[in-house]
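>>> quick one, what's the 3D model for this:
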Amino acid sequence: MYEVQTFPIAVDEQPNHITQVRDLPKYFVATENLQFYVLPKDVDSSDKSHILNMARSREPFRFFANLLSCVSALFKNNRQLIQDLCQFRLFKESLMPSVNFLTNTQILLWNVTNATLTCGKQRTTRQIPKCDMYTHEIGCDCSLTIWNKMGEIEMSY
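Have a look, this model is predicted:
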């Protein structure tokens, strides 16, 4: 089972505008034989084992092969289907620097211009490249420091 998360991104050539995909389900299921199901939006997040059992045999689950959806297009990374099937919302605001933990060791950085990763007993330091959006693996023995424009520590993980 996958939890669906969506994050804002900057809009190219439109300063101070962000966009975000909307109307996605909270979860979808991939079975062992790679059949995919979209789950309803109002599923109780504490009910995961029950959801998996229901997904094998009942509606309102939608099988990707029979009914294409935005989440199936995103999962398949099909740009044309994403354009055709997904709804995006445009906001007039700036993309704020942020860090989101996708897993215990994988982070998503966006709009971070100055970040340093320090790892290991030798405390090896590496600068993370500036990017609008960037995923990065961080080991358990690492720390991440993000600096603001004044050179002060803004966040440390």
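>>> OK, contacts around residue 93?
Neighbouring residues of residue 93 by Cβ atoms under 8 Å, 6 or more residues apart in numbering: 16, 17, 18. Where you see a C-beta, it was placed from the backbone N, CA and C, and this is true even at glycine.
>>> most neighbours among these, which one?
Compared across those, residue 18 has the highest neighbour count, 20 neighbours, by other Cβ atoms under 10 Å.
>>> neighbours of the closest residue to that one other than its chain neighbours, how many?
Leaving aside its sequence neighbours, residue 18 sits nearest to residue 8 (Cβ to Cβ, 6 or more residues apart in numbering; 4.3 Å). Residue 8: 19 surrounding residues under other Cβ under 10 Å.
>>> wait, residue 8 sits on residue 95?
Yes. Counting by Cβ atoms under 8 Å, residue 8 does reach residue 95; the two are 6.2 Å apart.
>>> what touches both of the two?
Shared contacts of residue 8 and residue 95 (Cβ under 8 Å, 6+ apart): 18, 110.
>>> in this protein, where is pLDDT below threshold?
The model of the chain has pLDDT under 70 over residues 30-67, 148-157.
>>> would you map the strands across it?
For the chain, the strands defined by DSSP state E occupy 2-3, 9-10, 18-22, 27-30, 36-38, 62-63, 87-91, 98-101, 106-112, 115-119, 124-128, 131-137, 142-147, 153-156.
>>> which of those strands has the highest mean neighbour count?
Of all the strands of the chain, strand 36-38 carries the top mean neighbour count, a mean of 22, counting by mean count of other Cβ atoms under 10 Å.
>>> show me how this structure divides into domains.
Domains of the chain are assigned by automatic domain parsing as 2-91, 98-156.
>>> about what we covered before: in a markdown table, list the contacts of residue 93 along with distance to residue 103.
What follows is those, written out as a markdown table (distance: Cβ to Cβ, whole Å):
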| residue | distance to residue 103 |
| --- | --- |
| 16 | 31 |
| 17 | 30 |
| 18 | 24 |
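>>> what's opposite residue 21 in the beta bridge?
Note on residue 21: beta-bridge partners by DSSP bridges are residue 88.
>>> for it, give me its contacts.
By Cβ under 8 Å, 6+ apart, the residues touching residue 21 are 6, 70, 74, 86, 87, 88, 89.
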